[in-house]
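K.L.:
Quick one, structure for this:
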Amino acid sequence: MPDFARWPSFPFEGDLRVKQLDDPVAVEPPRKGEGTAECSSCAAPDDAYIWVSERWRVRAMDRPTGLPMVLILESRSHFDLGDLPNLLAAELGVLTVRLERAIRSLDGVARVHVNRWGDGSAHLHLWFLARPYGQLQLRGTFLSLWDSILPPISESRWRENLALVAAWLAEFGGRPLAEPPRIEWRAPSSLTEQASHPIDPDTNFDEDAPAVGPAASDGSVAVAVLPIENIEPAADLDELAAQALTARNGDAAGDPADVDADAPDAEDDETAPPTGGPDAQGSDDATTASETPVPTQSPATTAGAAAPAGSRTGSGPVDQGGK
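P.N.:
Sure thing, here's the model as predicted:
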């Protein structure tokens, strides 16, 4: 075996054999797309690329691979490297540096390998392969092999990296076509659902709420539950309204049909002293609730209604948490 089989970057170990070298052929077969009519790169639409300009296009693989990023730079016109006119040759140098910088700006990328083989397709294409930071075993000429050996990165990270590179290139011209992955989230369906998760008053954080993070292996997305302070369970609100209606009517066993809940009795409200006595001003929420007329429509109506003359107000409107 040659010496590179003992390099730390060599991807394989164990017993290996070198293939027998075939005899050379008299005439090499044509590459893919030797003519423009048969060239798949010339026929590909712009939406198959992550970034396009008037004379250049950048495309990615059709799925995530083992490296953080693998991209291919192509000329829009059908040229090979040695056939480029001076204008495109000069632009190729600028775009090579620009694309290398864009990929190297991604998190977790240490180096970007730029390769041109040209044996598979006749249309000019340069490969850009990102070497992960800290993975010293991946250094050197075998990085393209490691790309097929390593487990693929997550699709979410892959799409985010594509969108970042496309946006980086678009700062200098052209049009980005890669979009970042969509973030799916939902708010609590009701206040009762939110109130069922107790909130730590010291941290203002719902310990039972799932943490926001990357998508799980099953494709599910973590849900952010926003804390809402001073929320009252729906059952307590109903009890509060029932107590207030009982105190207002004077008799809980009376006929509800004979009571007009929306017409306060001004005489009773103005003459009846507070039931809490001299210390009623410092009474707790339960005493205050029994003395305060509360309509039964909704907590928002209760908070916004003006108190009758002479009556005591409650402890204030329920904070809906900016809902």
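
K.L.:
going forward, measure contacts and count neighbours with C-alpha atoms only.
P.N.:
Noted.

K.L.:
What are the buried residues along the longest helix along the chain?
P.N.:
Longest helix of the chain, by residue count under DSSP state H: helix 86-104. Neighbour-count burial for helix 86-104, counted by 16 or more other C-alpha atoms under 10 Å, picks out Leu88, Leu92, Thr96, Leu99, Glu100, Arg101, Ala102, Ile103, Arg104.

K.L.:
any chance of those in CSV, with distance to Arg55 and pLDDT too?
P.N.:
Putting the buried residues of helix 86-104 into CSV (distance: C-alpha to C-alpha, whole Å; pLDDT from 0 to 100) gives the following:
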residue, distance to Arg55, pLDDT
Leu88, 8, 96
Leu92, 10, 97
Thr96, 14, 97
Leu99, 15, 97
Glu100, 18, 97
Arg101, 20, 96
Ala102, 19, 96
Ile103, 20, 97
Arg104, 23, 96
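
K.L.:
among these, which two are most distant?
P.N.:
Maximum pairwise distance in these, criterion C-alpha to C-alpha, is 23.6 Å, between Leu88 and Arg104.

K.L.:
follow-up on the earlier one: I'd like to check what contacts the longest helix of the chain. Which residues are they?
P.N.:
Applying C-alpha atoms under 8 Å, 6 or more residues apart in numbering, the external contacts of helix 86-104 come out as Arg55, Met69, Val109, Ala110, Arg111, Val112, Val114, Phe128, Ala130, Val165, Trp168, Leu169.

K.L.:
Whichever of those residues end up buried, select them in PyMOL.
P.N.:
Taking 16+ other C-alpha under 10 Å as the burial criterion, the selection of buried members of those in PyMOL is written as:
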select buried, resi 69+109+110+111+112+114+128+130+165+168+169
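
K.L.:
which SS state does Leu126 fall under?
P.N.:
Here Leu126 takes the strand state, with states given by DSSP: H, G, I helix; E, B strand; the rest coil.

K.L.:
Any figure for the gap between Met105 and Ser53?
P.N.:
No, residue 105 isn't Met; it's Ser. With distances taken as C-alpha to C-alpha, to the nearest Å, Ser105 is found 21 Å from Ser53.

K.L.:
May I see the buried residues of stretch 47-57?
P.N.:
Neighbour-count burial for stretch 47-57 flags Ala48, Tyr49, Ile50, Trp51, Val52, Ser53, Trp56, Arg57 (criterion: 16+ other C-alpha under 10 Å).

K.L.:
cool, and stretch 161-173?
P.N.:
Going by neighbour count (16+ other C-alpha under 10 Å), the buried part of stretch 161-173 is Asn161, Leu162, Ala163, Leu164, Val165, Ala166, Ala167, Trp168, Leu169, Ala170.

K.L.:
One more: stretch 58-76?
P.N.:
With burial defined by 16+ other C-alpha under 10 Å, the residues of stretch 58-76 counted as buried are 58-60, 64-76.

K.L.:
where do the strands sit along the chain?
P.N.:
In the chain, the strands defined using DSSP state E lie at 51-52, 56-60, 70-75, 109-115, 125-132, 175-176, 199-200, 205-206.

K.L.:
how about those in a markdown table, adding mean pLDDT and distance to Glu13?
P.N.:
Rendered in a markdown table, the data for those read as follows (pLDDT from 0 to 100; distance: least, C-alpha to C-alpha, whole Å):
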| stretch | mean pLDDT | distance to Glu13 |
| --- | --- | --- |
| strand 51-52 | 97 | 39 |
| strand 56-60 | 97 | 30 |
| strand 70-75 | 97 | 26 |
| strand 109-115 | 96 | 24 |
| strand 125-132 | 96 | 21 |
| strand 175-176 | 95 | 42 |
| strand 199-200 | 54 | 55 |
| strand 205-206 | 47 | 51 |
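
K.L.:
Of all these, which one is nearest Gly33?
P.N.:
Between Gly33 and the strands of the chain, the shortest gap by C-alpha to C-alpha is with strand 125-132, which sits at 12.2 Å.

K.L.:
which residues touch that closest one?
P.N.:
Outside strand 125-132, the residues that touch it by C-alpha under 8 Å, 6+ apart are 67-75, 100, 103-104, 108-118, 138-139, 143-144.

K.L.:
So for Thr275, what pLDDT did the model give?
P.N.:
Looking at Thr275, its pLDDT is 47.

K.L.:
I'd like the strands of the chain as JSON lines, with distance to Met1 appended.
P.N.:
Putting the strands of the chain into JSON lines (distance: least, C-alpha to C-alpha, whole Å) gives the following:
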{"stretch": "strand 51-52", "distance to Met1": "43"}
{"stretch": "strand 56-60", "distance to Met1": "35"}
{"stretch": "strand 70-75", "distance to Met1": "30"}
{"stretch": "strand 109-115", "distance to Met1": "25"}
{"stretch": "strand 125-132", "distance to Met1": "26"}
{"stretch": "strand 175-176", "distance to Met1": "46"}
{"stretch": "strand 199-200", "distance to Met1": "65"}
{"stretch": "strand 205-206", "distance to Met1": "61"}
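
K.L.:
Tell me which of the ones you listed approaches Pro2 most closely.
P.N.:
Ranking the strands of the chain by proximity to Pro2 (C-alpha to C-alpha) places strand 109-115 first, at 22.7 Å.
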